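# could you work out the structure for the sequence below:
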Amino acid sequence: MRRQPHRAAAAVQQVVSDDLSDRWIEIVLASVRGDTQTVETACHDLVDALTTRPEELNGALTRFGRDLGGEGWLLTELSAWIGVLASVAGTVGLPLRRFEAGAAVAQGWADGYLYGLQAFDCTDSLTGLVTLPVLRLRLGQIYDQCAALGVATDQVYCLAIIDTDFGDRSPLERDAAMVVIGDQVLRTYGSGETAAVKDGRVLILISRIEATYGNFRDLLAQLHVYPLLTGGHVVGWIEELPSSLELVDRYLVDLAA
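Model prediction:
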C-alpha cells in the first residue's frame with residue numbers, strides 16, 4: 001500500500017515531463033529542417049532528466065551537447081534552445097541557468113562538433129575547400145594564440161567572403177562554377193590561409209597586411225573573367241572578426257546563413 005503514492009507521484013512526474021517535452025520540442029523544431037529524430041531524442045532525454053532524474057541533469061546536458069554537436073548544430077543554437085526550455089519550465093528549469101549547466105553543454109558540444117564525426121569530414125569534396133567546423137576550430141586556435149601574445153585577434157586577422165548565387169543554372173553548371181571558384185581561391189590563398197565553403201558561400205581566414213584588400217580584389221576580378229561565372233551572382237567583401245571567441249559561434253551562423 002505504501003508504494004502506491006510513490007507510483008502516483010512517478011506518474012504525475014511523467015505527465016509533466018511529457019507535456020514539457022512536447023511544448024519545448026514544438027518550439028525547437030520550428031528552426032529544424034530535414035530529419036528531426038536526433039533533435040527530438042536529445043530533447044526528450046534532457047527533459048526527462050530535468051523533471052525526473054535531477055541528479056543526472058549534467059550528464060544529460062553533456063549528451064545533449066555531444067549528440068547535437070555531432071549533427072553540426074552550433075553551441076549558440078543549443079544554448080538558445082536550452083534558454084527556451086528554462087523559460088518554459090518555470091521554477092523546474094532554474095538548474096538550467098546555472099554555470100555548471102552551461103559548462104556541461106559546452107563540453108559535450110566540443111566533443112561532438114569539433115572532435116567528432118564533423119571534424120573528420122574536413123574537406124568539401126566538390127571544391128577542395130575545408131568545411132565550416134574546420135574553420136571554427138582554426139578560429140579558436142588563432143584567438144588563443146593572439147590572447148597569449150597580448151594582441152587583439154580582430155586587428156591581426158579578418159575574413160574574406162565570396163557569396164554566390166547560381167540559382168538559375170543547372171545543377172551541373174552550379175557545381176562546375178563552384179569548382180572554378182574553389183580552384184582560384186586555393187591558387188590565391190595557398191600559403192597557410194584557411195578557406196572554407198558552406199552552401200555556396202566561401203569564407204577565407206586571412207592575415208591583415210597591406211596587400212589584403214588588393215589581393216582580394218584581384219581574386220574577384222579573376223573570377224569574373226571566367227565565362228562560366230559571367231552573369232552569375234559572385235560578390236565579395238572583407239568581414240571584421242568579432243572581438244572575442246565567445247561571439248564566434250553566432251558570428252559563423254550569421255555568415256553561413
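# the helix or strand containing A176 - contacts with which helices or strands?
In the assignment (DSSP states H and E), A176 maps to helix 171-188. Applying 3 or more Cβ pairs under 8 Å, 6 or more residues apart in numbering; DSSP states H and E, one finds that helix 171-188 makes contact with strand 157-165, strand 194-198, strand 201-207, helix 212-223. Backbone N, C-alpha and C define where each C-beta goes, glycine included.
# what sits up against the longest one?
Read that as helix 212-223. Identification of contacts with helix 212-223 by Cβ atoms under 8 Å, 6 or more residues apart in numbering yields 158, 160, 162, 180-181, 184-185, 188, 206, 229, 234-236, 238.
# give me the pLDDT for the nearest residue to G112 once chain neighbours are set aside.
Of all residues not flanking G112 in the chain, G69 sits nearest, at 3.1 Å (Cβ to Cβ, 6 or more residues apart in numbering). G69 is assigned 84 on the pLDDT scale.
# one more: V12?
So V12 comes in at 37 (pLDDT).
# same check, this time on the one 3 residues further on
Per-residue confidence at V15 stands at 45 (pLDDT).
# what of the one 4 residues further on?
The pLDDT attached to D19 in the predicted structure is 85.
# count the residues that sit near it.
12 (other Cβ atoms under 10 Å).
# how about it, what does it touch?
If a contact means Cβ under 8 Å, 6+ apart, then D19 has no contacts.
# by mean pLDDT, flag the weakest helix or strand of the protein.
Lowest by mean pLDDT, DSSP states H and E among the helices and strands of the chain is helix 117-120, with a mean of 52.
# after it, next one along is what?
Heading C-terminal from helix 117-120, the first helix or strand you meet, by DSSP H and E, is helix 132-149.
# now that following helix: how far from the chain's centre is it?
Its chain's C-alpha centre and that of helix 132-149 lie 15 Å apart, by Cα atoms, centre = their mean, to the nearest Å.
# and that helix, what does it pack onto?
Against helix 132-149 (3+ Cβ pairs under 8 Å, 6+ apart) you get helix 117-120, helix 153-156, strand 194-198, strand 201-207, helix 248-256.
# state the mean pLDDT of the second one.
By that I understand helix 153-156. For helix 153-156, mean pLDDT rounds to 93.
# and it, which residues are buried?
By 16 or more other Cβ atoms under 10 Å, the buried positions in helix 153-156 come out as T153.
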